[in-house]
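J.: Dropping the sequence and predicted coords here.
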Amino acid sequence: MDWDAEGIDLSAEERMTLVTEAEEELDRAEDVLLQIEAAAGNFGRRDEDQERLDTLFRSMHTLKGNAASIGWEGMTGLAHAAEDLMQGVRDGEVPPAEAVADVLLRSVDVMRGLTAAMAAGKASPAVPPALVEEMQALSVPTAEEYYAGDSRSSTDLLRQLEAGEEDLDGPIFEVKVMISADTDIPAVRALQVILACEEEAAQMVSDPAKDDIDGGILDDGGRVTCYLAGIDDPAMLQTRVGDIEGVEAVEINRQEKGLPDHLSEEEEDTAEEDNGEASDASLVRSADARQIRVDVALMDRLMNQVVEMVINRNRLSSLIDTLGDHGLADLSEEMGATVEQMAGITTSLQEDIMQTRLVPLDNLFRRFPRMMRNLRKSSSKEFEFTIDGGDTEIDRSLLDAIGDPLIHILRNAVDHGVEDPAVREANGKDPVAHIRLSAFRQENYIMVEVADDGGGLDTDAIAAQAKERGLIDVDSERRMSEEDVLDLLFTNGFSTSEEVTEISGRGVGLDVVRRDVEEVNGTVLVENHPGRGSAFRLSLPLTVTTVRSLLVDIGSQVYVIPLGSIRETIRLEAVDLHHTGDTPMLPFRGDYIPLFRLEDFFPECDRAASGGDEGYIVVLSMDRRDYGLLVDGLLGEEESVIKPLRRPIGNIPGISSATIRPDGRVALILDANGLFKEMRRTARRAVNE
Amino acid sequence: MSKILVVDDAEFMRMRYKKLLSGEGYEVLEAGNGQEAVQIYEKEGPDLVLMDITMPVMDGMEALKELISRDADARVIMSSALGQERVVLSAIKGGAKDFLVKPFKPDNVLATVKKHLA
């Protein structure tokens, strides 16, 4: 048990369920609200619209119920107001207009804030009272339904009873009950009293009559009077009535009287369906008992443990190899077989755990329609926004990592990518632009792309801006390719926006986007089609914890190169290098590509020993361009465990992370993209000097 | 040990009920909507049903009708929110034994449950 700032007492599990469920309901509600808004007044005409309104109502109802059950006041009040408003909409009393969707969307935002605070165990932010009032103003006032049955005198009742059936003997019992005003729904308590009497008696009449109770509130000070005939067990009657919640006083009087001929005709009162609650159409979600929720922190721990196991498995394999060297070949072989089996199990365990961490990108993507809607409203741009491939699965931690970068890129697309409608029309384009967010899997990578059909990127303007900011000088500009110029976008201190807008803001630039993406071993690539649009593509690894890689040695050091970035390996003796400029060029697939040495830009590292023909060239591909890296030897492939480099080592261009070798030593994992950029930068600097 | 079937589409509510009721030694079964409730009722024959009203797939009123038609003695307690008075009235007329009003008050829930299992 832990107490949070609200004084709400919840276990960690309860809190997680509460928060997760709230998030789910809010997502679901937002979805419907956006549809209402998009339908612009035409919503509610179709059957499926009605189902959506039911869903929306239920979401608010669940949010309110959950919140109220723990005394989470801000949330309860807001969800209650939203529920009332939705009830009116669902029942056709309030039209599903844009204004309704708008105020509900704003409420959803506030509820998200409340939920986030709850998740963090913090005090809820204040709920703006105006928001609740606005919803109340839109709601149809629900007329309190008072019980309006005429109060009848006991003589009337007796006469009624006497006017009933013939030939009933025995005493008549008068039951007088007081229902507490404090009880929940007093009218229902009164009804329970009447029903209990009805069951105990052969015949009865009551004030109020059963049929007259149809609202929640009793008048007449909560008094209920019944006259009963044909009672077998008066004590039982006393107990049953007395046991009903909210019954304050029971008075049962026996009246020896001849029974009337027949009783009132009010008995045949079937429980008619009161359709206050319309039968709810089916909803997508059905509780699937074969699925369980697991805390992400636990998943992370599991993954880390498996990763440690992989390291140990690798180490064990290498130790067993050395047994042979000590004349224990038999033992080595036997242990080798066992370890191999264990290795197989470890691998599938690792794969399974990795599998469980996969979540559809929709979990992230569904935030964006709302954001884009807001951007559309607050800017002069006209655009459609579509999402494709949201069902593509990705590691959960990557989902978190790319959230902010995508927000930034999407905002840029609106702010800088898409032209004003008038400009588009003048250029013969559809005034409504198109921004598309898509995802798909490509080999061992997940590609997430934001593409717009706007004006594209103006490389001249980018270069000019970079010069102005002192990022490049005239000389280096001359030598820059288009890609180099586009790369400037990701440089710290660069911003193409001439004015600071509310949408893109200033301060955080694409450099942060790149840093965030590279931190998870992904890359950002920009594609430019002047006049026709641009695309920002994130390429993300399938997993975050291991990578298939080639081990190479350079000097006395072992380096790890992810297989994903390797095009080919070539024996040095098999090639004919061209030494025309500063960098030797390697003929490769009908082209010449530069050949680099690691020491070219890590002067302090071991030099590749191979001057002659002994070494190898690993051909790496950077985005769509290739280059060679000279290495001394190829040591084989392995599944390398990725250990991120943190402070004080931090971010080194060209090195993405490290791994632990089976012998326990650390090897650096090279980053083909970073290396290439670093090479070019070094090359430019060398020319400048 | 009495078996109680808790029917609510909100997982959080089921969790709260379960914690409270199992703490008192009851065996707690759960259903996320009316349809599941009917299925579980037939299979497990619980002694008492705590039934939410507003639920997807099959709501509480419909589920109540189904349960009563299968077992006229089914002990069903409706759990309602404020504002659902009329529905509760028709539930009681339709054979529900009692009702509880959310927000969930533990003492109230236990008293009502005990009363109907006595």
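T.: Yes, it's here.

J.: Could you give the number of residues near residue 33?
T.: Reading this off chain A. 26 (other C-beta atoms under 10 Å in any protein chain shown). C-betas here are computed from N, CA, C, even on glycine.

J.: if you could check chain B rather than the one you did, that'd help
T.: For residue B:33, using other C-beta under 10 Å, the count is 25.

J.: which residues touch it?
T.: Residues in contact with residue B:33 (C-beta atoms under 8 Å, 6 or more residues apart in numbering or on different chains) are A:286-287, B:7, B:9, B:55-59, B:63.

J.: rerun that using 7 Å as the cut-off
T.: By C-beta atoms under 7 Å, 6 or more residues apart in numbering or on different chains, the contact list for residue B:33 reads B:9, B:55-58.

J.: Tally up the residues packed near the closest residue to residue A:620 other than its chain neighbours, please.
T.: In space, and not counting its chain neighbours, residue A:620 is closest to residue A:672: 4.1 Å by C-beta to C-beta, 6 or more residues apart in numbering or on different chains. Residue A:672: 24 surrounding residues under other C-beta under 10 Å.

J.: tell me the pLDDT at the closest residue to chain B within the stretch 301-450 of chain A?
T.: Nearest residue of the stretch 301-450 of chain A to chain B: residue A:363, at 18.0 Å (C-beta to the nearest C-beta). Here the pLDDT value assigned to residue A:363 is 83.

J.: and if you look at the one 5 residues further on?
T.: The score at residue A:368 is 87. That number is its pLDDT.

J.: Number of residues surrounding it?
T.: 20.

J.: Next to chain B in this structure, residues from the stretch 1-150 of chain A, please.
T.: Contact residues, the stretch 1-150 of chain A versus chain B (C-beta under 7 Å from any C-beta of the partner chain): A:14, A:17-18, A:21, A:58, A:61-62, A:64-66, A:68-69.

J.: run the last query once more with 8 Å
T.: A:13-14, A:17-18, A:21, A:55, A:57-58, A:61-62, A:64-66, A:68-71, A:76, A:84, A:142, A:145 (C-beta under 8 Å from any C-beta of the partner chain).

J.: Which ones among these map onto helices?
T.: A:13-14, A:17-18, A:21, A:55, A:57-58, A:61-62, A:64-66, A:68-69, A:76, A:84 (DSSP state H).

J.: Buried among the residues you listed? Make that a PyMOL selection.
T.: Buried residues among those (16 or more other C-beta atoms under 10 Å in any protein chain shown), as a PyMOL selection:
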select buried, chain A and resi 14+17+18+21+55+57+58+61+62+64+65+66+68+69+76+84
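
J.: Could I get the pLDDT score of residue 73?
T.: All of this refers to chain A. So, for residue A:73, pLDDT stands at 85.

J.: wait, I meant chain B there
T.: Residue B:73 is given a pLDDT of 87.

J.: so how many other residues sit close to it?
T.: When neighbours are counted by other C-beta under 10 Å, residue B:73 comes out with 7.

J.: hang on, the earlier thing: between the contacts of residue B:33, which sits nearest chain A?
T.: residue B:56 (3.5 Å).

J.: Pretty sure residue A:438 sits against residue A:387.
T.: Yes. With contact defined as C-beta atoms under 8 Å, residue A:438 reaches residue A:387; the gap is 7.2 Å.

J.: Break chain A into its domains for me.
T.: As given by automatic domain parsing, the domain ranges for chain A are A:2-138, A:154-264, A:300-356, A:362-457+A:496-541, A:546-688.

J.: Mean pLDDT lowest where, among those?
T.: Taking the mean pLDDT of those, domain A:154-264 comes last: a mean of 73.

J.: most centrally placed residue in the chain?
T.: Since you didn't name a chain, this refers to chain A. residue A:363 (3.7 Å; C-alpha atoms, centre = their mean).

J.: oops, I was thinking of chain B
T.: Centre-nearest of chain B using C-alpha atoms, centre = their mean is residue B:50, 1.4 Å out.

J.: Now do the phi/psi pair for it.
T.: phi -100, psi 110 (degrees, to the nearest 10).

J.: which phi and psi does residue A:441 have?
T.: Backbone torsions of residue A:441, given as degrees, to the nearest 10, read phi -100, psi 140.
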